[in-house]
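# Test case, fold it:
(chains A, B and C)
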Amino acid sequence: MDRIEPASLAGVDTSARDALRSDTDEIDLIPVRTFWQLARQRFMQHRLAVIALFVLAILLVMATVIPLATGIQYRLSDLRLINDGPSLTAPLGYDEVGTNIFIRLAKGTQSSLIIGGAAVLIIVGIGTFVGAISGYAGGWIDNVLMRMVDVVLSLPVLFIILMIVSFFGVGDIRVVIIAIGITGWTLAARLIRAEFLTLREADFVQAARALGAGHRRIILRHILPSAMAPLVVAAALGVADSVVTEAALSFLGYGISPPDASLGNMLNKVRIYFFSAPERILYPSVVLVLIVLCASFLGDGIRDALDPRQRIASK
Amino acid sequence: MAAYVFRRTLQAIPILFGVAVIVFMIVQLAPGSPIDRFRTPRVSPAQLEALTRLYGLDQPILDQFVKWITAFVQVWRRDAWGYSTLDGQPVLASVLERVPATLRLMGLSLLVTIVVAVPIGVLAAVKQYSWTDKIITTLATIGYAIPSFILGIYVLYFGGVVLKMFPLFGMESLGRGGGDIFDLAWHLVLPVTSLAIQQIAGWARYMRSSMLEVLHQDYVRTAKAKGLPRARVLGKHALRNALIPIVTLLGLSIPALLAGAAITEFIFSYPGLGQYFVQAVGVRDYPVVLALTMVGGLTVVLGNLLADVLYGVVDPRIKY
Amino acid sequence: MTNAVDAGDVGLLELRDLKTHFFTQDGTVRAVDGVTFEIRDGQTLGVVGESGCGKSITAMSVLRLIERPGRIIGGEVLLRGKNVLNYSDQEMRDVRGNQISMIFQEPMTSLNPVYTCGDQIAEAVELHEAISRREAWGRAIEMLAQVGIPEPARRAKQYPHQMSGGMRQRVMIAMALSTNPELLIADEPTTALDVTIQAQILELMKALRERNKMAIMLITHDLGVVAEMADEVVVMYSGKVFERADALTIFEQPHNPYTRGLLASIPRLGDKRERLEVIRGVVPNPLNLPTGCLFKRRCPYAMPVCDTPPPVRQVKAGHISRCWLTPESEPPSIGADAPPEVAEAAAQELTVAGR
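Numbering: from 1, shown residues only, chains lettered A, B, ... in the order given. The predicted structure is shown next:
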């Protein structure tokens, strides 16, 4: 090999730089996408979450359409149809009081979802309120609010809910929702607080403050939108928890009582079913487990989708 | 150490006080009054008036609270927790009578949970991505999603109805005294199983992720580089560290365990505190409901206390 | 494969064409790709290179500590002539911590936080030597004294978190040396430490090397440490050995352009240059290595022939270099007497090699 002349060094230099530039070109090839486009893409990669969304959508449609189409049939009993087998209009047969089990199941799913959704609104509402103020204000306000959270966390939750429901009106769906909501907000509050604690020092918040934005505006317009991810996770977990708690309450006889339909009270006569119709235990259980599983998968999927640090797998 | 436990116990008192305030407020806010059950046409207004005064319901709310709470802490007095409005028995005695049953149920479930979940979680972590791991993770996810009362129903169905091996209800067979340990154990199998399954699912998942994190730590590599056998690396160096965060679960799982126990006792007609509560709350037996809710709060607070203290024991980095 | 082994000299450790690859979701990373070198008894071999060049993976491969998705897919690791890659797990464990010990970069995290330092040292001793727990503990204290830890009996009962970083690295060294290994692999032993502590630890290693007559494989990106310690130096780049020679030759008459670049990037006292020379560009993406010479994109001497993989040439006895430049071609230094435009171009690149 010949000795390399210094003159050729300059030429090599640019080729090396070209090589570098071609590296950057590769990066530029990735099309620019908005945050929501990226989030959707990340979500679609989460196979379980997509399936969960699909299943939940089916449940939601059934819980809306069937009760609408069948009116009050879910509470009508027909003595001639007691324990009747499956048929085209009653795919799951009739129960021990002669009610169409399929329609009851759809109506029960409806109550579960309504209660889950409504309770989660309270949970997220209180949680965000307490968490945001606590994290944003800090100091003694934070201290007081967090001790409050400690107290609520130390409550034997099921006992308290049973107490509220029993004292304020057994079978009243509003009482059930409130009871579940006001005992379940601690996780949401903690997550939001943690988010606010970090975000209130963030540059964009400082900038907003420097521009003279008020606390209200900073909290609502600047920090809260950035704290969405934990909020969504808390909401998904909250829905699952609320649905289960309602079902348990109704099962114990303190939630929704027959003839109103609930996934929980469909299991009231479980000891009879053991010997006569064990499959009737299965129907509401499966729906319940599906709701819980789907809610948690959906929560995982949305959390990952909203987390910009999650990368998108290249094709 | 002792000083820390003492200080930590002192910190628990205001929390318990807060629990008491909330519980008392719920009762106060509830429509109706504890003497409503005496309100029949044959009871004169004067008698009702007398009852109101007897129970102290005519006094200001604050006075009522102070009176209740000061009486409540005097647990050495037979009537500290009042008398059941249902059967007139002293509540404290009735509660204490049922404590062992619930403690057995919860304690055994926790024991089973730890004994089963820790090895399962470790196994899944050590064999990450293998079929063993996938099966364990999937089962744990599903198990965690099944509500505890559904689990209870199925465990009862399979153990009691399909297999016909275990009793369908109760804590002991009729006609046999409390002395027959085998009989007691036989009755506990299903309730403990149903209460433990969901806990196992949660603990196993937690154990897996804790172990996975530890396995990537530098000191595990050091242990391997020393030439330690794999079992020793995993069992001594990794596991010991992976168990540290698990200790916190102990405290965190108490509320769920308590709720699960109540529902399990209801399903299995098991005469413990949970079943007692479900009965009492239905007939508005205020003294019993108040007492049991406070006992529940105390259990949760004690659970957290225990977890905190244990944390210090297992992690030498924690200074008191 | 060129081999600079003197005939008849039985090496303590010899790596032959060692290949350790990582099979990730995004593709195969050839972390170690055909590494060959040897260490003789009592010798200190410096293995240098930038982060990600595969030097740590090489060390881990010697002890077979590679974890999924990594795998040793080829080559030989000959320990006293026997290939440890064929050893059973039991045989391998007898090597680890006994014949070959290893210390790591992060003294803060390399000791188990829940056991006392004495415990962790005694554990290794007890494992490899048929002695009682009590004797092992005695050895642990003795070792702590040897590595210059005051009040060793008291310190042995302390947990790692009760010690400083330098102390912990001393504990690591005590642990590694407690079984009198023939070879100590030190993976960036001083990188995480303060400069004054660094010097102390290096002095300690030197002293112990003399006393125990052991060989050291010193992995570092710090050429200063190499200059201080090493008899022979291996320069690695992107999983391959680029140059190997005795320490003096590497510092005085380096052949490979990469080695030259590394040396030029060391700041020197009394340096008249206004800007520090740096190797322009970055280490190539391991998932997307260039064809031909791996260094060509950053090499100031790159030429058309570099598009084909360069040969490993013997520059002189015991000195090899992976480059198309022939031993005779004495390339111009890119140091002080480089053409001004080269120095200028290099200075404009912001990326600094190594650290």
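# for the chain, which spans come out with low pLDDT?
All of this refers to chain A. Residue ranges of chain A with pLDDT under 70: A:1-33, A:307-315.
# that's the other chain; I wanted chain C
C:1-10, C:268-277, C:328-355.
# rerun that using 80 as the cut-off
Within chain C, the set of residues satisfying pLDDT under 80 comprises C:1-11, C:25-26, C:192, C:265-284, C:288, C:326-355.
# And the helix or strand harbouring B:Ile135, what does it pack against?
Here B:Ile135 sits within helix B:131-145, counting by DSSP states H and E. Packing contacts for helix B:131-145, counted by 3 or more Cβ pairs under 8 Å, 6 or more residues apart in numbering or on different chains; DSSP states H and E, involve helix A:279-306, helix B:91-126, helix B:181-215. The C-beta positions use only the backbone N, C-alpha and C, and glycine is treated the same way.
# C-alpha coordinates for it, PDB please?
Coordinates of each C-alpha in helix B:131-145 appear next as PDB, following Å, rounded to 0.1, in the frame of the first residue of the first chain:
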ATOM      1  CA  TRP B 131     -43.800 -21.300  28.500                       C
ATOM      2  CA  THR B 132     -43.700 -21.700  32.200                       C
ATOM      3  CA  ASP B 133     -43.600 -17.900  32.500                       C
ATOM      4  CA  LYS B 134     -46.300 -17.300  30.000                       C
ATOM      5  CA  ILE B 135     -48.600 -19.800  31.700                       C
ATOM      6  CA  ILE B 136     -48.000 -18.400  35.100                       C
ATOM      7  CA  THR B 137     -48.400 -14.800  34.000                       C
ATOM      8  CA  THR B 138     -51.600 -15.500  32.100                       C
ATOM      9  CA  LEU B 139     -53.200 -17.500  35.000                       C
ATOM     10  CA  ALA B 140     -52.100 -14.700  37.400                       C
ATOM     11  CA  THR B 141     -53.700 -12.000  35.200                       C
ATOM     12  CA  ILE B 142     -56.900 -13.900  34.900                       C
ATOM     13  CA  GLY B 143     -56.900 -14.900  38.600                       C
ATOM     14  CA  TYR B 144     -56.500 -11.300  39.500                       C
ATOM     15  CA  ALA B 145     -59.400 -10.300  37.400                       C
END
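# Check the gap between B:Gln217 and A:Leu220 for me.
42 Å (Cβ to Cβ, to the nearest Å).
# Secondary structure element holding C:Gly75?
Using DSSP H and E, C:Gly75 sits in strand C:70-79.
# Show me the helices in the stretch 251-355 of chain C, by range?
Secondary structure of the stretch 251-355 of chain C (DSSP state H, counting those that start in this stretch): helices at C:257-264, C:340-348.
# what element comes up after the longest helix along chain A heading to the C-terminus?
Secondary structure of chain A per DSSP state H: the longest helix is helix A:101-137. Counting by DSSP H and E, the next helix or strand C-terminal to helix A:101-137 is helix A:139-153.
# ok, then the element right after that next one?
Where DSSP H and E defines the elements, the next helix or strand beyond helix A:139-153 is helix A:157-168.
# Let me know whether that following helix sits next to chain B.
Yes: Helix A:157-168 lies within reach of chain B by Cβ under 8 Å from any Cβ of the partner chain, at A:Val157, A:Leu158, A:Phe159, A:Ile160, A:Leu162, A:Met163, A:Ile164, A:Ser166, A:Phe167, A:Phe168.
# and which of the residues you listed is nearest to B:Pro316?
Lowest distance from B:Pro316 to these (Cβ to Cβ) belongs to A:Val157, with 34.4 Å.
# The closest one and C:Ala59: what is the separation?
53 Å.
# Beyond the strand holding C:Gly75, next helix or strand please.
Criterion used, DSSP H and E; the element after strand C:70-79 is strand C:82-83.
# quick one on the thing from earlier: buried residues in the strand holding C:Gly75, which are they?
C:Gly70, C:Ile72, C:Gly75, C:Glu76, C:Val77, C:Leu78, C:Leu79 (16 or more other Cβ atoms under 10 Å in any protein chain shown).
# same thing with stretch A:189-203?
Quick answer for stretch A:189-203 (16+ other Cβ under 10 Å): A:Ala189, A:Arg190, A:Leu191, A:Ile192, A:Arg193, A:Glu195, A:Phe196, A:Leu199, A:Arg200.
# Show me those residues that map onto strands.
Counting by DSSP state E, the buried residues of stretch A:189-203 place none of their members in strands.
# Would you mind putting these into a markdown table with distance to chain C alongside?
Shown next, in a markdown table, are the buried residues of stretch A:189-203 (distance: Cβ to the nearest Cβ, whole Å):
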| residue | distance to chain C |
| --- | --- |
| A:Ala189 | 32 |
| A:Arg190 | 27 |
| A:Leu191 | 28 |
| A:Ile192 | 32 |
| A:Arg193 | 29 |
| A:Glu195 | 29 |
| A:Phe196 | 31 |
| A:Leu199 | 30 |
| A:Arg200 | 31 |
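# Can you verify my assumption that B:Ala125 contacts B:Arg208?
Yes: with contact defined as Cβ atoms under 8 Å, B:Ala125 reaches B:Arg208; the gap is 4.7 Å.
# so what sits against both of the two?
Jointly contacting B:Ala125 and B:Arg208 under the rule Cβ atoms under 8 Å, 6 or more residues apart in numbering or on different chains are B:Asp133.
# which one of the buried residues of strand C:70-79 sits closest to chain A?
Of all the buried residues of strand C:70-79, C:Gly70 has the smallest distance to chain A: 20.8 Å, by Cβ to the nearest Cβ.
# now the helices for the stretch 101-250 of chain C?
Listed in chain order, the helices of the stretch 101-250 of chain C (DSSP H, counting those that start in this stretch) span C:107-110, C:117-128, C:133-146, C:152-155, C:165-177, C:195-212, C:223-229, C:247-252.
# Please produce TSV containing the ones you listed, extended by mean neighbour count and distance to chain A.
Output for the helices of the stretch 101-250 of chain C, formatted as TSV (neighbours: other Cβ atoms under 10 Å in any protein chain shown; distance: least, Cβ to the nearest Cβ, whole Å):
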stretch	mean neighbour count	distance to chain A
helix C:107-110	22	23
helix C:117-128	24	35
helix C:133-146	19	42
helix C:152-155	16	39
helix C:165-177	25	28
helix C:195-212	16	33
helix C:223-229	20	23
helix C:247-252	17	20
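# Out of these, flag the one nearest A:Ala234.
Of all these, helix C:107-110 comes closest under Cβ to Cβ, at 32.6 Å.
# helices and strands around the closest one, which ones?
Contacts defined by 3+ Cβ pairs under 8 Å, 6+ apart place helix C:107-110 against helix B:218-225, helix C:165-177.
# residues in contact with the residue nearest to A:Thr99 when sequence neighbours are not counted?
Of all residues not flanking A:Thr99 in the chain, A:Ser77 sits nearest, at 5.2 Å (Cβ to Cβ, 6 or more residues apart in numbering or on different chains). Residues in contact with A:Ser77 (Cβ under 8 Å, 6+ apart) are A:Val97, A:Gly98, A:Thr99, A:Pro259.
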